[in-house]
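Engineer: Give me coordinates for this.
(one chain, ligands or ions: 1)
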Amino acid sequence: MKYLVTGGAGYVGSVVAAHLLEAGHEVTVLDDLSTGFRAGVPAGARFVEGRVQDAGRVLDASYDGVLHFAAFSQVGESVADPEKYWRNNVGGTLDLLAAMREAAVRRLVFSSTAATYGEPAVTPVTEDCPTAPTSPYGASKLAVDHMIAGECAAHGLAAVSLRYFNVAGSYGSSGERHDPESHLVPIVLQVAQGRRDSVSVHGDDYPTPDGTCVRDYIHVADLAEAHLLALTAAQPGTHHICNLGNGTGFSVREVIDAAREVTGHPIPEVVGPRRGGDPATLVASADRARTLLGWRPSRTELTDIIGDAWRFAQDRRSEGERV
Ligand SMILES: NC(=O)c1ccc[n+]([C@@H]2O[C@H](COP(=O)([O-])OP(=O)(O)OC[C@H]3O[C@@H](n4cnc5c(N)ncnc54)[C@H](O)[C@@H]3O)[C@@H](O)[C@H]2O)c1
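Structural biologist: So this is what the prediction gives:
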């Protein structure tokens, strides 16, 4: 099959593109390199440097589907500059859907997020939980989920929105390199590499076993496998939403301890006050992904996830790349 991967020079998109190529598919990556890296595009993929807003110049009827990762995804930045998020995440997807309609490409997998739920009152979080995003980033992704549902109903698109929880780990030569970095695992590993003095723990008085927030960490390669399954999961005119997480929570302190074990570094931590908008526990119910997609995550140990992230971080360091 032939697929367009928007945002395939970024972290998750590059890992999914690699999996598609390994499965024997033909892949075109469309990325404007706004937060991604040319070197992240896997060998074997055709690369088009450009915006998702211009997908019409790339797409034609020879494509079997689109996997749409291209977006801005910094929660804090979205609060400070919401219009940037509406324009790129929502406006960009609107243009992509129009290009897909024009080219008669009728299959889509979209990167949605747990941030669409905001601060859910129940755990584990199912897809039926109310959506109440607490940031323009989460709101922009929820708006796209609604937009896709309408496109399916009105124009026969077959689509799956995958709501990722906390993605971590690496695959081959692809790994996480956001700038600025806001995710816990790469931040902790930056401390182990001596690039930060300590890791900040935002509150240790939550109603959790050790007082720190609990999150659901999913290995990026398990996440990638779900995308390949999702490509054929929807019928024309149907939109499915699936959470993607392991269904197991790990606390901030457990992540730091696992990173100490993996790296052999003491990783100093500094406990500060709680951060507004952080729920105590955010763990996915992955039941729907298991039943609808037949998905089974296989890299669920925290030390395995962090071990792969560490290997990528050390490889980059030894290559002397920009940090
Ligand atoms: N990483 C996570 O933990 C996580 C969690 C939930 C959801 N997501 C979603 O998954 C997707 C991928 O996340 P990531 O962590 O790989 O981010 P990333 O920043 O590494 O990748 C995004 C890619 O999209 C490209 N891009 C952005 N806007 C574009 C545009 N208008 N046209 C063309 N290319 C554009 C960037 O250059 C980048 O390569 C995003 O949509 C994000 O919201 C990620």
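
Engineer: Report how many residues lie close to the closest residue in space to residue 31 that isn't next to it in sequence.
Structural biologist: Spatial nearest neighbour of residue 31, chain neighbours left out: residue 9 (3.9 Å); criterion: Cβ to Cβ, 6 or more residues apart in numbering. Heads up, the C-betas are built off the backbone N, CA and C, glycines and all. Neighbourhood size, residue 9 [other Cβ atoms under 10 Å]: 29.

Engineer: Could you list which residues are in contact with the residue of the chain most remote from its centre?
Structural biologist: Using Cα atoms, centre = their mean, the residue of the chain lying farthest from its centre is residue 266. It sits 28.7 Å away. Going by Cβ atoms under 8 Å, 6 or more residues apart in numbering, residue 266 touches residue 260.

Engineer: wait, is it part of a strand?
Structural biologist: No: read with DSSP: H, G, I helix; E, B strand; the rest coil, residue 266 is coil and lies in no strand.

Engineer: is stretch 151-169 up against the ligand anywhere?
Structural biologist: Yes: applying Cβ under 6 Å from any ligand atom, one finds stretch 151-169 touching the ligand at 164, 166-167.

Engineer: just curious, which of those residues is nearest to residue 251?
Structural biologist: Compare each of these with residue 251 using Cβ to Cβ and the shortest gap goes to residue 166, at 12.1 Å.

Engineer: Bridge partners for the closest one, pull those for me.
Structural biologist: Assessed by DSSP bridges, residue 166 has beta-bridge partners residue 217.

Engineer: Read off the pLDDT value for it.
Structural biologist: Reported pLDDT at residue 166 in the predicted model: 96.

Engineer: tell me the contacts of it?
Structural biologist: Counting by Cβ under 8 Å, 6+ apart, residue 166 touches 114, 183-185, 215-218, 245.

Engineer: Longest helix in the chain, please.
Structural biologist: In terms of residue count, the longest helix belonging to the chain (DSSP state H) is helix 136-155.

Engineer: For my notes, please list the contacts of residue 166 in JSON lines and give pLDDT for each entry.
Structural biologist: Below are the contacts of residue 166 laid out as JSON lines (pLDDT from 0 to 100):
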{"residue": "114", "pLDDT": "96"}
{"residue": "183", "pLDDT": "93"}
{"residue": "184", "pLDDT": "95"}
{"residue": "185", "pLDDT": "96"}
{"residue": "215", "pLDDT": "96"}
{"residue": "216", "pLDDT": "97"}
{"residue": "217", "pLDDT": "97"}
{"residue": "218", "pLDDT": "97"}
{"residue": "245", "pLDDT": "96"}
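
Engineer: Counting by contacts, list what the helix or strand encompassing residue 17 packs against.
Structural biologist: Per DSSP states H and E, residue 17 falls inside helix 11-22. Helices and strands touching helix 11-22, as assessed by 3 or more Cβ pairs under 8 Å, 6 or more residues apart in numbering; DSSP states H and E, comprise strand 2-6, strand 26-31, strand 65-68, helix 220-230.

Engineer: if I look at residue 306, how far off is residue 114?
Structural biologist: Distance from residue 306 to residue 114, counting by Cβ to Cβ, to the nearest Å: 20 Å.

Engineer: what's in contact with stretch 139-147?
Structural biologist: By Cβ under 8 Å, 6+ apart, stretch 139-147 touches 71, 78, 85-86, 89-90, 93-94, 97, 110-113, 115-116, 131, 133, 161, 241.

Engineer: Check which residues of it are buried.
Structural biologist: Across stretch 139-147, burial judged by 16 or more other Cβ atoms under 10 Å covers 139-145.

Engineer: With stretch 178-187 instead?
Structural biologist: 181, 184-187.

Engineer: State the number of residues packed around whichever residue of the stretch 201-323 of the chain sits closest to the ligand.
Structural biologist: Closest approach of the stretch 201-323 of the chain to the ligand (Cβ to the nearest ligand atom) occurs at residue 220, with a separation of 8.1 Å. Residues lying near residue 220 (other Cβ under 10 Å) number 26.

Engineer: if we can go back for a sec, ranking the helices and strands packed on helix 11-22 by mean neighbour count, which comes first?
Structural biologist: By mean neighbour count, with neighbours taken as mean count of other Cβ atoms under 10 Å, strand 65-68 ranks first of those at a mean of 27.

Engineer: Return the distance of the helix or strand following that one from the chain's centre.
Structural biologist: Going down the chain from strand 65-68, the next helix or strand is helix 75-80, by DSSP H and E. Relative to its parent chain, helix 75-80 has a centroid offset of 17 Å by Cα atoms, centre = their mean, to the nearest Å.

Engineer: Helix 75-80: what's the following helix or strand?
Structural biologist: helix 82-85.

Engineer: Is the ligand within reach of that next one?
Structural biologist: No: if you take Cβ under 6 Å from any ligand atom as the test, helix 82-85 misses the ligand, and the best it gets is 9.8 Å.
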